[in-house]
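Participant: Have a look at this fold, sequence not included:
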């Protein structure tokens with residue numbers, strides 16, 4: 001004989017258990033700010049204990065809203081702002097592994113997929129209704145409105161690999177970008193290269209600035225100068241980098257080596273070299289940044305700076321859970337060490353005939 005199912009929890013059930021009104025429970029579910037923190041915490045805990053699933057919202061076409069999906073048990077929102085690429089997959093794997101170890105569900109989403117016209121408060125209210133305990137954002141493109149809404153309901157935010165300089169009000173996980181740029185360029189200098197170019201990402205991005213600064217520091221320490229034409233910016237993506245690489249290789253005195261700000265950028269440089277009849281590494285040495293799967297699969301296998309993306313994702317998840325537990329962090333920003341991985345896309349400069 002099977003056990004009868006327990007009745008589904010209702011707003012009334014939760015309100016009675018918490019000793020508050022149904023209206024107060026509704027306010028918590030909708031992310032309203034006019035609820036005392038202690039009351040909010042109690043109601044949220046009871047919602048989780050009772051596996052409360054509210055009424056499914058429907059969109060105009062009658063379909064269920066994916067944003068109203070309720071996950072039983074603790075969950076964390078992993079937020080992306082663009083399509084997933086090799087870089088993003090590594091971060092996701094790190095967060096998923098750490099989430100599995102902590103028995104926390106990880107829900108992957110894109111901010112741009114939210115319905116048009118929605119405010120930061122609307123988005124955060126959806127997260128609260130869905131039982132999210134924290135948000136991990138890969139690259140900090142959240143608006144001030146989004147961040148304020150998260151702060152208002154005390155939903156912790158952790159940013160992975162922030163584009164902008166670390167903000168003392170936002171917890172972030174990054175890597176030693178300057179050291180990575182320095183080691184990549186020193187490697188090329190040790191191989192005898194002096195005409196070394198850099199193709200990076202957005203000029204305003206802190207990670208790009210740090211990698212470029214490491215590049216310049218290494219070149220200048222070797223007593224060389226960096227021609228303005230040898231420093232190109234883009235968006236770390238293949239198409240943009242391909243155009244920049246073509247410009248470099250068409251210079252009257254093209255570089256003999258290129259330090260690329262991402263693996264995807266490095267593959268674009270290799271493709272540009274092939275289109276110009278140049279061999280890598282015989283005619284052009286190339287170093288990337290990230291050490292994604294594509295670095296190992298490229299032809300030739302890519303020399304690159306290993307950014308510990310999986311570890312960064314795992315640390316972000318564990319940090320988010322520490323914030324959920326109310327723990328004090330030693331630092332609002334943590335940087336994990338980078339490391340040069342030498343493969344087949346670099347070699348010693350050959351003497352010109």
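Facilitator: In hand now; what should we look at? What you see is a predicted model; the values in this text were computed from it and never measured. Numbering: from 1, shown residues only.

Participant: Which stretches in this protein count as strands?
Facilitator: 75-80, 105-110, 132-138, 157-160, 171-175, 196-199, 231-232, 257-260, 285-290, 303-306, 333-336, 339-341 (DSSP state E).

Participant: Can you lay out those strands as a markdown table showing distance to residue 144?
Facilitator: From N, CA and C alone the C-beta is placed, and that goes for glycine too. Compiled in a markdown table, the strands of the chain are given as follows (distance: least, C-beta to C-beta, whole Å):
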| stretch | distance to residue 144 |
| --- | --- |
| strand 75-80 | 16 |
| strand 105-110 | 19 |
| strand 132-138 | 14 |
| strand 157-160 | 12 |
| strand 171-175 | 16 |
| strand 196-199 | 31 |
| strand 231-232 | 31 |
| strand 257-260 | 32 |
| strand 285-290 | 29 |
| strand 303-306 | 32 |
| strand 333-336 | 19 |
| strand 339-341 | 35 |
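
Participant: Which one, of these, ends up nearest to residue 224?
Facilitator: In terms of C-beta to C-beta, the element of the strands of the chain nearest to residue 224 is strand 196-199, at 8.1 Å.

Participant: what's that closest one in contact with?
Facilitator: Strand 196-199 has contacts (C-beta atoms under 8 Å, 6 or more residues apart in numbering) with 185, 188-189, 211-212, 215, 219, 226, 230-234, 241, 244-245, 248, 255-261, 265, 268-269.

Participant: Go again with 7 Å.
Facilitator: With contacts defined as C-beta atoms under 7 Å, 6 or more residues apart in numbering, strand 196-199 is touched by 185, 188, 212, 215, 219, 230-232, 234, 241, 244-245, 248, 255, 257-261, 265, 269.

Participant: low-confidence ranges in the stretch 1-150 of the chain?
Facilitator: Low-confidence segments of the stretch 1-150 of the chain (pLDDT under 70): 1-9, 30-33, 51-73, 112-118.

Participant: let's go with 90 and repeat that
Facilitator: For the stretch 1-150 of the chain, the stretches flagged by pLDDT under 90 are 1-74, 80-86, 109-123, 125-126, 128-131, 139-145.

Participant: ranges for the helices of it?
Facilitator: 11-18, 22-29, 37-49, 86-101, 120-129, 144-152 (DSSP state H, counting those that start in this stretch).

Participant: Check these for me and report the most buried one.
Facilitator: Burial among the helices of the stretch 1-150 of the chain, expressed as mean neighbours by mean count of other C-beta atoms under 10 Å, is greatest for helix 120-129, which shows a mean of 21.

Participant: and that one, what does it pack onto?
Facilitator: Here helix 120-129 touches helix 144-152, going by 3 or more C-beta pairs under 7 Å, 6 or more residues apart in numbering; DSSP states H and E.

Participant: ok, now how distant is residue 321 from residue 75?
Facilitator: In this view, residue 321 and residue 75 are 11 Å apart by C-beta to C-beta, to the nearest Å.

Participant: what's the overlap in contacts for these two?
Facilitator: Counting by C-beta under 7 Å, 6+ apart, the contacts common to residue 321 and residue 75 are residue 104.

Participant: Pass me the low-pLDDT residue ranges in the stretch 201-350 of the chain, would you?
Facilitator: Within the stretch 201-350 of the chain, the set of residues satisfying pLDDT under 90 comprises 204, 350.

Participant: so where do the helices sit in it?
Facilitator: 206-221, 238-249, 263-275, 293-297, 309-324.

Participant: Any idea which of those gets closest to residue 41?
Facilitator: Closest approach to residue 41 among the helices of the stretch 201-350 of the chain (C-beta to C-beta): helix 309-324, 10.7 Å.

Participant: Point out the most buried one among the strands of the chain.
Facilitator: Of all those, strand 257-260 has the most neighbours on average by mean count of other C-beta under 10 Å, namely a mean of 32.
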